[in-house]
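**Student:** 3D, please:
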Amino acid sequence: MEERRREQEEHERKKAETRQKLKETEEKIKKLENEQKGADLTELKKILQDLEKEEMKIKETEEEMKKKEKLTPWNVDTIGQDGFTKTVINKRLPCKGDDNGLSDEEKEKKMKEFVKENEKKLKEFGMLGRYDDSKKFLQDNPHLVCENTANYLVIWCINLEIEEKHDLMEHVAHQCICMQCILELSKQLDVDPRACVGSFFSRIQNAELEHRNSFEDELRAFKERIRKRAAEKVADALKEAEEEEKKARRGPGGLDPVEIFESLPEPLQKCFESQDHALLQKTLAEMPQKEAFYHMKRCVDSGLWIPDSKSKELIDGGVPADDTKETSAANPE
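**Tutor:** I've put the predicted structure just below:
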C-alpha cells in the first residue's frame, strides 16, 4: 500500500509539472505571436510538441493505474482484513492441486485422478448459488481450492454450452470465476490459496459498485470465451463427422462420388440422375474421347459407375472405349 501511495504521489507531481510547463509554453508562443510578427517560434513549438507527447504518456499511465486500482479488492490490500486466514499466510504451502514443475503428461494424469476422486463435490460446488454457501463449502473442502477445480469448471462450462444448456453454463461460469479470483489473489499475495477463501468472499459481498462491476465484466468476458470455444468445438465435430462420412462414401479408387458427380458436365449429370443407360452412351459418344475417358474413369474410381468386365479392362488400360456398357449406376444422392 505504501508503494502504491508513493507511485500515486509521483504521478500527480509529474502530471501537475507537465501541465504547468505546457501552459507556460502556450502563453509564451501566444505572446510572441501578438508582440513580434514573424518571430521564429520553431524551438518553442518543438518544446510544446514534446510536452504534449509527455502529457499523453501521463494520461496512458493514469488509465493503467485506474485499471490496477479496480483489481485491488480482489488481490492486494487484504492482509488483516475480515476473512483472511492468518494461520497460513507466512508461507505458501503446496496445494494438492498444484501442478508446478510437472510435465504435460503428469498434469493430465493428475487431473484425471483429481476428477475421479472429487467429481461429485466439484459438481456440487458448481451448483451453489449463495456466496456464504460457497465460502463454507470450500472451507469444509480445502483440497478443492486449486487449479484443477478451475480447469474442471471451465471444461464443464464448455460442455454445457455445447449441450445448449445456456442458463446452467452461466451459473457454473460464475462459480468458475470465483475460483479463478481466489487463485489469482493467492498468486498476488504469494500465499496458499486456501488462505484466501474467506477474504475473497468477504470482499465480494461488501464490494463497492465499481469493483462489483469489474467482477461482472470479467464474468461476462469469460462467458463469451466459453461460447466462442464451444462453437469452435461444435464446428470441429461437424467437420470431423463430414470427413468420416466422406471417407465412408469413397469408391474403390478413393474418390468421393458426391464430389465427382458435382464436377461432371451437366449432360453427364442428367444421365446419372435419370439412370438412363442409352442417354449415357449417346452423351459419351458425342464427347471427345479423352474427355469422356477422363470423366468415366473418375466415375469408376468413385463408385458412381460400375462397368462390365470388358469396359473395365479398357478403362484400366487407359484406352477410351466408345462401346462401353454401363451395368449399374449408383445414385449419388
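
**Student:** got the contact list for the closest residue in space to Ala230 that isn't next to it in sequence?
**Tutor:** What sits nearest to Ala230 in space, not counting adjacent residues and going by C-beta to C-beta, 6 or more residues apart in numbering, is Glu161, at 3.7 Å. Glycine gets a C-beta too; all of them are placed from N, C-alpha and C. For Glu161, the contacting residues are Met169, Ile226, Arg227, Ala230, by C-beta atoms under 8 Å, 6 or more residues apart in numbering.

**Student:** same question, Ala39
**Tutor:** By C-beta under 8 Å, 6+ apart, the contact set of Ala39 is Leu32, Glu33.

**Student:** State which helix of the protein is the longest.
**Tutor:** In terms of residue count, the longest helix belonging to the chain (DSSP state H) is helix 209-249.

**Student:** mind listing what's buried in the helix or strand hosting the residue nearest to Ala230?
**Tutor:** Take DSSP states H and E as the rule and Glu161 turns out to sit in helix 147-162. The neighbour-count criterion (16 or more other C-beta atoms under 10 Å) identifies 147-154, 156-158, 160-162 as the buried residues of helix 147-162.

**Student:** rewinding a little: pLDDT (mean, whole number) over the longest helix of the chain?
**Tutor:** On average, the pLDDT along helix 209-249 is 86.

**Student:** Summarise which helices and strands it is packed against.
**Tutor:** The elements that helix 209-249 packs onto, with contact taken as 3 or more C-beta pairs under 8 Å, 6 or more residues apart in numbering; DSSP states H and E, are helix 42-75, helix 147-162, helix 166-189, helix 257-263.

**Student:** got those helices as TSV, with distance to Phe114 and mean pLDDT columns?
**Tutor:** Putting the helices and strands packed on helix 209-249 into TSV (distance: least, C-beta to C-beta, whole Å; pLDDT from 0 to 100) gives the following:
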stretch	distance to Phe114	mean pLDDT
helix 42-75	25	76
helix 147-162	5	94
helix 166-189	14	93
helix 257-263	46	87
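
**Student:** Can you lay out these as CSV showing distance to Lys239?
**Tutor:** Written out in CSV, the entries for the helices and strands packed on helix 209-249 read as follows (distance: least, C-beta to C-beta, whole Å):
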stretch, distance to Lys239
helix 42-75, 39
helix 147-162, 15
helix 166-189, 23
helix 257-263, 16
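
**Student:** closest one to Asp140 among the ones you listed?
**Tutor:** Checking those against Asp140 by C-beta to C-beta gives helix 147-162 as the closest, at 14.0 Å.

**Student:** Identify, from the buried residues of helix 147-162, the entry nearest to His211.
**Tutor:** The nearest one, if we look at the buried residues of helix 147-162 relative to His211 and count by C-beta to C-beta, is Ala150, at 21.0 Å.

**Student:** What residues does the closest one make contact with?
**Tutor:** Counting by C-beta under 8 Å, 6+ apart, the residues that Ala150 touches are Cys176, Met179, Gln180, Leu183.

**Student:** rerun at 6 Å
**Tutor:** When the contact criterion is C-beta atoms under 6 Å, 6 or more residues apart in numbering, the partners of Ala150 are Met179, Gln180.

**Student:** and what of the one 4 residues further on?
**Tutor:** Going by C-beta under 6 Å, 6+ apart, Val154 touches Cys176.

**Student:** picking that back up, what is the nearest of the contacts of Glu161 to Gln36?
**Tutor:** The shortest gap between Gln36 and any of the contacts of Glu161 belongs to Arg227, at 64.6 Å (C-beta to C-beta).
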